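**Student:** next come a sequence and a model predicted from it.
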Amino acid sequence: MCRYNIHFVIDHQALIEIIEDKNQEIARKATLFIGEILQLSNRLLSLSRSIRIQSLPKLFKLATKFEDEIVRHNATAALAHIDNLNRTRIRLQSNDLAETGATTALEDRRRRSARQVENVKITMGIQIDDVHFRNMLLDTQVSFDYFVLNTKEYAKWKLETLMELLQGPLLNPRRLEEAIKSKYLKRLIGFFRPSSRRFSDIVKKSETQRFISLGCTLITTLLKNTDGIKFLESNKFLRQIAEGLTQLDPIKGTVESEPLFSQERIGNTLTSGYFTMIGVLSKFKDGVRLLEKFKIFNTFYHLSELRSREDLIKVIITSLDYSLDGHPRIILSKVMTSGYKQMRLYATKHLGTILRTSTKKFNDWGIRLLITQLYDPAMEVCEMAVRVLEETCKHKENLELLVKLRPSLDHLGEVGNPLLLRFLSTSIGFRYLSEFDYVEREMDDWFQSRNQYYVTQLEVLLATALKLGGDSGRDDEDDIKMQTFDGTTPPHFYGELAKTEEGCQLLRERGHFREFARFVREHGMERRDSSIVSKLKSVLWALGNIGASKSGLPFLEEENIIKDIVHIAENSEILSLKGTCFFVIGLIGKTAQGVETLEELGWECVYDPDTGVGTGLCVPMKPQQFLSFPKWSYNGFVTAPSTNRPVMPSSPVERDLLRALTNLTNRILSSTGSKSLQKIRVQHPEIFTKLDTFLKVYYMLASYQYRLPTRRLITELFDVKFTTQTLDQLDKLLGDPQQDNVNREVIPPMINSDETRSTTVARTSVNKDLEVDIRTENMLPDRPHRGSDVLGAVMSEQHDTGGDDVVPKQSLAPILIIKGFNV
């Protein structure tokens, strides 16, 4: 860490030197890179370390270097660009927070300030004089006429001025009445009417999306005024949209060669923008009344049953607004319950998005719909509902309502556990679960086994997120079903239990925490017994989750166990234990008291710059101890003995198996060998569970030339689980010099009759059943031999003496046996 920090600072200073370069392209890239470094340091480094980077002393020095105008200009431009990057990032983060609903008090203040500025602009727009207003109308009308006559030149339309009109002066009832009488708005909304084929025929692109925004703003402005509502009601705009939707109605629909809302038009043109405008109408009571008048909601009920138009159903439920109780919520619930599985899953996921982005933290109707989804026949839908409910129940009001409704989760099994654990974090949920003895039963289960299962689950998630230990491109069902890991630890039973007074009292009574602390003290420096190390990691995660809450941290302070965790992190010889302690220390650093204790022990924590709360990232003040590792004594590779010994089958079935494997090395005989393997697999499956047979086969794989698909086929045939006992048996088979059933040496190949070079074969008595001993002159063939080359010499009828066959091995470099590391 220390070395990496030094390199980080050095590279940071080197980038500043690049800014002095006269090549503007390189200087610009260096500026962008510095901006990213500053953001990372602000988010990932502690305050003391971040300040040293954020101060940019050298860049400010260059900006005040008046003797070199070019360098000073580049440095000043770099500072201004970095400042603009920060402002842009803050604005984008504000938008992301608005989309996810993860707002903070500071973000709320920013939004209020932005709304105040917007309101001032609107007020100023309403109060403009008559001359200015008429000039704006004339200016936009001239550009609009040009646009109508030249439909391909839509980019030249003055949309900014028109948006300023709609969001300002036209909010004034008198100005709106004047615009209606002058037919200005009639011509404007005529552009959006489906029959005009102007708006609906524009190709969908990023730059054309502003026309959808213009239409939504126009409808919003009209709905805020009585005259505007009457104008919208009398215009053909909504009637033509309703007629276009009716074309697809399975009950009242009419056959059209090219429907307005065909799948192709929705996907490629701005026709989909009509649904966005309908969504704007659904935000207002008067808008809902207009949609009811033109029977658009009735058509939506019928369209939600179309199995052939999944795209149409998705755009309907994603466009509607659900803030008002009424038709939109009923349509959503209809899709969530009566549609086919994929649409039920999509609608359930979208409901989660609605609840996250809602300005109201308490959403009674949404929670009731999600409870209905818990009983869906498809487990994927139930799992999605549990995930959304778990996120929604972060707010106490929602959790209390969910507990009050008393949903049954027994039928969900493991899928419902995260939601049940969320119940534990409140007193009302704890009492609810205690009524049917869930808490004590689950507590015993976690104490005995689920703690270790939690560690396995978490390490798999970490490995997947970091793309370790596997091919990220493989298409396994487990990989597809695995949830994306966002860096937040899954809920832990003891962590949720420690968040309530009732849970803390139960934890004291059962004595589990004292047992955890005792185990850490006794086995904290264990480095050989894998079972103890695995249990130690599970105990550490339990301690960390308990210490992550204000009510749980006193348990760690009473046992004075934090210093032991830090000691393991800094002195353990097992890397996975050091990593576990690093994460656990981060959990403890989420509370203010935990931060103080860790700072006393030499660890500094990272704070959220907005809230001042610990982010869960802690780094040692002196990283040398944490990143130091003991030296390993490495024995290297040990070669097998060099004496010659063949691979000897011990039974007729094994002989047939080895013959089939030998055939697989020959392209002509590979088909026969594959069929023989499958036949043996069906008739004698037990042969593929024998460890000595497995070892012989792998010696053949190491000695002969097999293609990669063939090797995979052979490997998948065997059912051998590599447990500790299995590995011990393999060691015995490899280490026993008296083993005759498995060849552990490298031997030269048998050469057939056409390639014989002064080879002498003698037969001697080996045992009662097998009387074969092969001695060959140690001569290399002209080409690499395959197993099939020796088939005639070893496995043919003329060499069959009534005993078992001998499959010789190719002359290769000695087989390597990896002994491993000894610490």
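**Tutor:** Structure's in. What do you need?

**Student:** okay, CA-based contacts and neighbour counts for the rest of this
**Tutor:** OK.

**Student:** what about Cys618, how many residues close to it?
**Tutor:** Residues lying near Cys618 (other Cα atoms under 10 Å) number 27.

**Student:** any idea what it is bridged to?
**Tutor:** Cys605 (DSSP bridges).

**Student:** distance of it from Leu345?
**Tutor:** 39 Å (Cα to Cα, to the nearest Å).

**Student:** check Ile202 too.
**Tutor:** 32 Å.

**Student:** could you check which of the two has the larger neighbour count?
**Tutor:** Each of Ile202 and Leu345 has its neighbours counted (other Cα under 10 Å); Leu345 has more, 25 against 19.

**Student:** so the more buried one sits against Glu383, correct?
**Tutor:** No - using Cα atoms under 8 Å, Leu345 is not in contact with Glu383; the gap is 9.5 Å.

**Student:** how much space separates Val386 from Ser651?
**Tutor:** 56 Å.

**Student:** ugh, wrong one, I meant Arg174
**Tutor:** Distance of Arg174 to Ser651, given as Cα to Cα: 102 Å.

**Student:** same check, this time on Leu281
**Tutor:** 81 Å.

**Student:** equivalent analysis for Phe211, please.
**Tutor:** 80 Å.

**Student:** so which of Leu281 and Ser651 has more stuff around it?
**Tutor:** Comparing Leu281 with Ser651 by other Cα under 10 Å, the one with more neighbours is Leu281, at 22 against 13.

**Student:** I figured the more buried one hits Thr221, correct?
**Tutor:** No - Leu281 is beyond contact range of Thr221, at 11.0 Å (criterion: Cα under 8 Å).

**Student:** can you show me the strands along the chain?
**Tutor:** 603-607, 614-620, 633-634, 637-639, 816-818, 821-822 (DSSP state E).

**Student:** how many other residues sit next to Lys631?
**Tutor:** 8.

**Student:** before we move on, what about Thr246?
**Tutor:** 24.

**Student:** now stretch 679-696: buried residues?
**Tutor:** 680-681, 687-688, 691-696 (16 or more other Cα atoms under 10 Å).

**Student:** how close does Asn363 get to Asn86?
**Tutor:** Using Cα to Cα, one gets 35 Å for the distance from Asn363 to Asn86.

**Student:** I misspoke; the intended subject was Pro377.
**Tutor:** Separation of Pro377 from Asn86 (Cα to Cα): 48 Å.

**Student:** and the two? Which one has more around it.
**Tutor:** For Pro377 versus Asn86, neighbours defined as other Cα under 10 Å are more numerous around Asn86 (16 against 10).

**Student:** check what pLDDT the more buried one gets.
**Tutor:** If you check Asn86, the pLDDT there is 71.

**Student:** which residues does it contact?
**Tutor:** Asn86 is in contact with Gly35, counting by Cα atoms under 8 Å, 6 or more residues apart in numbering.

**Student:** and with 10 Å instead?
**Tutor:** 35-36, 38-39, 80, 92 (Cα atoms under 10 Å, 6 or more residues apart in numbering).

**Student:** farthest pair in these?
**Tutor:** Spanning the widest gap among the contacts of Asn86 are Ala80 and Leu92, at 18.4 Å by Cα to Cα.

**Student:** look up how far Glu502 lies from the closest residue to Phe423 other than its chain neighbours.
**Tutor:** Nearest in space to Phe423, with sequence neighbours left out and distances taken as Cα to Cα, 6 or more residues apart in numbering, is Gly429 at 4.4 Å. To Glu502, Gly429 is 11 Å away according to Cα to Cα.

**Student:** also Phe237?
**Tutor:** In terms of Cα to Cα, Phe237 sits 61 Å off from Glu502.

**Student:** what ranges of this structure fall below the confidence cut-off?
**Tutor:** For the chain, the stretches flagged by pLDDT under 70 are 1-14, 16-24, 89-158, 253-257, 339, 359-362, 467-487, 609-613, 634-646, 735-823.

**Student:** mind redoing it with 50?
**Tutor:** 1-10, 97-106, 142-143, 146-152, 468-483, 637-644, 737-823 (pLDDT under 50).
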